[in-house]
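Colleague: Could you look at this predicted model? Sequence included:
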Amino acid sequence: MEGQALQDKVAEEQIRLICTRTLQGLPVTLATAGLLVVILYSHISLWSLCAWWSLLGVMVAIRYGLFRLYHLNPKRVGSHVWQRRIILTAVFSGLIWGLGGLWMVMQVGFIQQIMVLLVLVGMGASGSTSITYLFGAFSAYLLAMFMPVSVWLLMNASHDELNPGFVGIFFMLTLWLVRHWSYHAVMESMKLRFRNVELLSQLATSNSELAEANQALLTQSNRDHLTQVANRRYFDDFLDREWRRANRGQHLIGLLMIDIDFFKGYNDTYGHQAGDKCLQQVVDGISHEVFRPGDLTARYGGEEFVVILPETPIADVARVAEKIRLHIEQLKIPHSASKVSEFVTISIGWRVFIPSDSNTLESLVANADENLYQAKQTGRNRIYPAQV
């Protein structure tokens, strides 16, 4: 995140922090002003002090309403508009404190002048924690608050007294310098945080895209390119996992081995492109009958396919095998080179085991393959064993 986008993010965060912290500090402003009224009411007209406090209360109410409006709809206007509003309210607040403080120190003695200056110092320090995120507003607030009182004290204080005007200006400059340094540190921290958030977001997106790409690559690596069913490697892994699961649960696992009858003759007669299309049609037919989520259809090699049927009774395995054979026959794909039919047919050998010391994974595959051989030897276009 660079340039204008980063600046906009920082500006939005500045406004959010100022509005939040200023709302929290407004009651303190009124309480501090009330304390000043209590301290000075015996030296200055109470009515005048209350009028000043009321004016400050109006300003507090305006700022409260403005910042509440921001929290209700922060996107209603742009950040630059909010910055101008904050600077304007900071100037008016500072002027109320500064001109009010000037009016007060002009009417009281040295001790009371120090008290007024101390209150202004406290308000300047507390204000710096809320509006320092927008340094222009903070600078305007400090100048409006301290300059009227400090300049008057410099010009009117007795030479034999410690001039509090110097104290006010010194504090103002010190606070301004400290907050200027901290402002830049905070801004750099904000920028770094937003850059980190953006980098983390980009990293998460990249990781997600990489995971998707890896998953797609894994899926492709486990699929037969032509028929889009599982390939031999995935079949081996899947059968091993299902065999171990069947062994733990001591349940049945069925295996079908399927071969297209006289497929070499089909390729020689119709060409390899037609042969590829025939393989795809056969796979579609097998998949039409093998649809449970836990089952698997895979290309075993060439024109041979395999089907794994976990937790399937013997009769159901035989029934699925016959339904597959019949479905392919009913596709009526012409096959003039076949010796058993004018259409494409398949032969299927099947076997069902419950894993044991004598019934091993290797023997399951070997038995199914042997039964496929028997299906071919006994005439093709059939399942072996026949239905039970």
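Modeller: Thanks, I have the structure now. It should be emphasised that the depicted structure is a prediction, and the values quoted were computed from it without experimental measurement.
Colleague: Show me the domain layout of the chain.
Modeller: The chain is divided into the following domains under automatic domain parsing: 3-200, 232-384.
Colleague: isn't Met59 right up against Ile96?
Modeller: Yes. Taking Cβ atoms under 8 Å as the definition, Met59 is a contact partner of Ile96 at 5.7 Å. Glycine gets a C-beta too; all of them are placed from N, C-alpha and C.
Colleague: the more surrounded of the two?
Modeller: Ile96 (22 against 18; other Cβ atoms under 10 Å).
Colleague: and that one, what does it touch?
Modeller: Taking Cβ atoms under 8 Å, 6 or more residues apart in numbering, we find Ile96 in contact with Trp52, Leu55, Leu56, Met59.
Colleague: how about the nearest residue to the first one, chain neighbours excluded?
Modeller: Nearest non-adjacent residue to Trp52, counting by Cβ to Cβ, 6 or more residues apart in numbering: Gly100, 4.8 Å away.
Colleague: secondary structure class for the one you found?
Modeller: Of the three states, Gly100 takes helix under DSSP: H, G, I helix; E, B strand; the rest coil.
Colleague: Now do it: how many residues are near it, please.
Modeller: 24.
Colleague: Excluding chain neighbours, what is closest to Thr312?
Modeller: Here the residue nearest Thr312, using Cβ to Cβ, 6+ apart, is Gly254, at 4.8 Å.
Colleague: residue contacts, that neighbour?
Modeller: Ile308, Leu309, Pro310, Thr312, Ile314, Asp316, Val317, Val320, Trp350, Arg351, Val352.
Colleague: ok but the first one is inside a strand, no?
Modeller: If I follow you right, that is Ile308. Yes. Counting by three-state DSSP, Ile308 is part of a strand.
Colleague: beta partners for it?
Modeller: With DSSP bridges as the criterion, Ile308 is bridged to Leu255, Leu296.
Colleague: so who does it touch?
Modeller: Ile308 touches Phe235, Phe238, Leu239, Glu242, Ile253, Gly254, Leu255, Asp295, Leu296, Ala298, counting by Cβ under 8 Å, 6+ apart.
Colleague: And it, how close does it get to Gly294?
Modeller: According to Cβ to Cβ, to the nearest Å, Ile308 and Gly294 sit 9 Å apart.
Colleague: With the fourth one instead?
Modeller: In this structure, Thr312 and Gly294 are 9 Å apart, going by Cβ to Cβ.
Colleague: of those two, who's got more company?
Modeller: Legend: neighbour count by other Cβ under 10 Å for Thr312 and Gly294, higher for Thr312 (20 against 11).
Colleague: so the more buried one touches Arg319, yeah?
Modeller: No. Contact criterion Cβ under 8 Å: Thr312 and Arg319 do not qualify, at 9.5 Å.
Colleague: Leu46 - how many residues pack around it?
Modeller: Neighbours of Leu46 using other Cβ under 10 Å come to 12.
Colleague: for it, what are its contacts?
Modeller: Counting by Cβ under 8 Å, 6+ apart, Leu46 has contacts Val37.
Colleague: Look up how far Val38 lies from it.
Modeller: From Leu46 to Val38 the distance is 10 Å (Cβ to Cβ).
Colleague: Quick one: low-confidence residue ranges for the chain.
Modeller: Residue ranges of the chain with pLDDT under 70: 1-8, 10-11, 74, 76-77, 127-133, 157-162, 183, 218-219, 387-388.
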